[in-house]
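Colleague: using only what follows, build the 3D model:
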Amino acid sequence: MSAMPPLSITTVVAASLSLSVIAQQSVHAQGVLVGCRLGATLQCVPGLTMTPQQQINVLKQEITTDKMVEGMIVQTIQGLERFELRGDAKVGSLLQTTLEFNPDDFAEVQVHWYKRNPGDVNWSLVGEVDAREYKLTQQDIDASVMAVVALKPYNKAIVRHNSNIIGPIVSQ
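Modeller: The predicted model follows:
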């Protein structure tokens, strides 16, 4: 059996356009607007009236925009690698988070506090949701404490990053 030659971008675009024309004819017969498709919503397919080169240019611009957004998110994640807790591991101390990021890059930012008692496998949520500090109490003695920041970038999935762990907590 002989190997197939690689397809050129022109061949792929031409095949895509041919399929679009066939799909248009069948979709039009079903009463749906020409150049549109049904998904979760009714969306017009961009570029059906464009030349293949124009379609390629539009797609290249979309890829460039996506790469720029991805770069901003990567920079923010790198900044979060400096997400840390500061404070003493003793009752009465106030633990504080240090965050380095641009809050305008996110639709939502929350800090959650967790502790793990000796012998426990899982961490338990403690304190107030979205509090940038946590005061250690008698109930925290011998436990370890950490914070988790949850970031929701615009139109992207939530990103979580945990801080360093402080503990075991001792009495004063």
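Colleague: I'd like to know which elements the helix or strand encompassing residue 67 is packed against.
Modeller: Using DSSP states H and E, residue 67 falls within helix 52-80. On a contact count with 3 or more CB pairs under 8 Å, 6 or more residues apart in numbering; DSSP states H and E, helix 52-80 meets helix 9-29, strand 144-153, strand 159-162. (Each C-beta comes from the backbone N, C-alpha and C, glycine too.)
Colleague: what does the next helix or strand after that helix rub up against?
Modeller: Downstream of helix 52-80, the first helix or strand assigned by DSSP H and E is strand 84-86. Identification of contacts with strand 84-86 by CB atoms under 8 Å, 6 or more residues apart in numbering yields 95-98, 145-147, 163-164, 166.
Colleague: which regions of this protein lie under the pLDDT threshold?
Modeller: 1-51, 75-82, 101 (pLDDT under 70).
Colleague: outline the domain layout of it.
Modeller: When the chain is parsed with automatic domain parsing, its domains come out as 9-77, 84-162.
Colleague: count of neighbours near residue 97?
Modeller: 19 (other CB atoms under 10 Å).
Colleague: so which strand or helix has it?
Modeller: strand 94-98.
Colleague: and the angle from that strand to strand 144-153?
Modeller: With axes from the mean of the first three to the mean of the last three CA atoms, to 10 degrees defining the directions, strand 94-98 sits at 30 degrees from strand 144-153.
Colleague: now for strand 94-98, which elements pack on it?
Modeller: strand 84-86, strand 133-135, strand 144-153.
Colleague: using PDB, write out every CA atom in the last one.
Modeller: Think strand 144-153. Extracted in PDB, the C-alpha atoms of strand 144-153 (Å, rounded to 0.1, in the frame of the first residue of the first chain):
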ATOM      1  CA  SER A 144      -1.300  22.700  59.000                       C
ATOM      2  CA  VAL A 145      -2.900  25.600  57.100                       C
ATOM      3  CA  MET A 146      -2.700  26.600  53.400                       C
ATOM      4  CA  ALA A 147      -4.600  28.900  51.100                       C
ATOM      5  CA  VAL A 148      -5.900  28.300  47.600                       C
ATOM      6  CA  VAL A 149      -6.500  31.100  45.100                       C
ATOM      7  CA  ALA A 150      -9.200  30.500  42.500                       C
ATOM      8  CA  LEU A 151      -9.100  32.700  39.500                       C
ATOM      9  CA  LYS A 152     -11.700  32.800  36.700                       C
ATOM     10  CA  PRO A 153     -10.200  34.500  33.600                       C
END
